[in-house]
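>>> just need the structure, nothing else, for what follows:
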Amino acid sequence: MEGRILLVCTANVCRSVHAAAVIRAVLGRESASHLMRSAQVPGPTEPIEVVSAGTHTQNGWAACAEVVARSGGRTDVVSHASRQLSANDVASATVIFTAEAEHRARAVSLVPDAAARTFTLREAAALGTLVDLRQRTGSLADYAAALDHNRGLTDPILDIADGHGRTTRRHRRALDEIEAAATTVAAGILAWRTPGSDA
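This is a model prediction of the structure:
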């Protein structure tokens, strides 16, 4: 069974698209040789799919120009088409990361039992610093459970405000914040899935 990461923002043209691209790039460093060394990482190390959706959007909108530029023309960003968040998206996701607490609440309202595997990006980044890699299994579902186990041990949930359609400076700052949080989250997932030193 594949693991699936779902990124959620409002229009699914900016923050969630950039976060998805960043996470794909970081997880792309995961080598096949590491995945084959299952004896060193108990349990499955399933391939991960990274998808995104919006809470208030129309299907088919392209990614914003700033995100496309930052991606360096990545095919997954250039060909992006926005999608409205559905209950099926939430139910089929192994873990869900959102730009704001409002998006987290919307996802959980669609599928209430998704609460334990739904986090804002900044919340997940903070919780990930507390995960004990000695307990790693390589499973994305187990990583989500490890994040949830640490909930309440970090600062309150922090939003990454929408910069799309605002000033250029505000737009870029929002994407900088998305990039930092998504990189931290993806690095935590990669460490959980990669055999090696616990140092």
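>>> tell me the secondary structure for residue 53?
strand (DSSP: H, G, I helix; E, B strand; the rest coil).
>>> who's in contact with it?
Applying C-beta atoms under 8 Å, 6 or more residues apart in numbering to residue 53 gives the contacts 6, 7, 8, 12, 16, 82, 83, 84, 85, 86, 89. All C-beta atoms are positioned from the backbone trio N, CA, C, and that covers glycine.
>>> quick check: it vs residue 97, distance?
Applying C-beta to C-beta, to the nearest Å, the value for residue 53 to residue 97 is 12 Å.
>>> which neighbours do these two share?
Here residue 53 and residue 97 have 6, 7, 8 as joint contacts, going by C-beta under 8 Å, 6+ apart.
>>> for stretch 118-131, measure first residue to last.
16 Å (C-alpha to C-alpha, to the nearest Å).
>>> which of the residues in stretch 104-124 are buried?
Neighbour-count burial for stretch 104-124 flags 104, 106-108, 110-111, 114, 117-124 (criterion: 16 or more other C-beta atoms under 10 Å).
>>> ok, residue 4 to residue 80 distance?
On the measure of C-beta to C-beta, residue 4 and residue 80 end up 17 Å apart.
>>> what's the answer for residue 166, then?
Taking C-beta to C-beta as the measure, residue 166 falls 20 Å from residue 80.
>>> follow-up on the earlier one: neighbour count winner among residue 4 and residue 80?
Neighbours per residue, other C-beta atoms under 10 Å: of residue 4 and residue 80, the larger number sits with residue 80, 24 against 18.
>>> could you tell me the model confidence score at that one?
Note on residue 80: pLDDT of 97.
>>> and what of residue 45?
Looking at residue 45, its pLDDT is 53.
>>> swap in residue 157?
76.
>>> isn't it right up against residue 125?
No: with contact defined as C-beta atoms under 8 Å, residue 157 does not count as touching residue 125 (11.3 Å).
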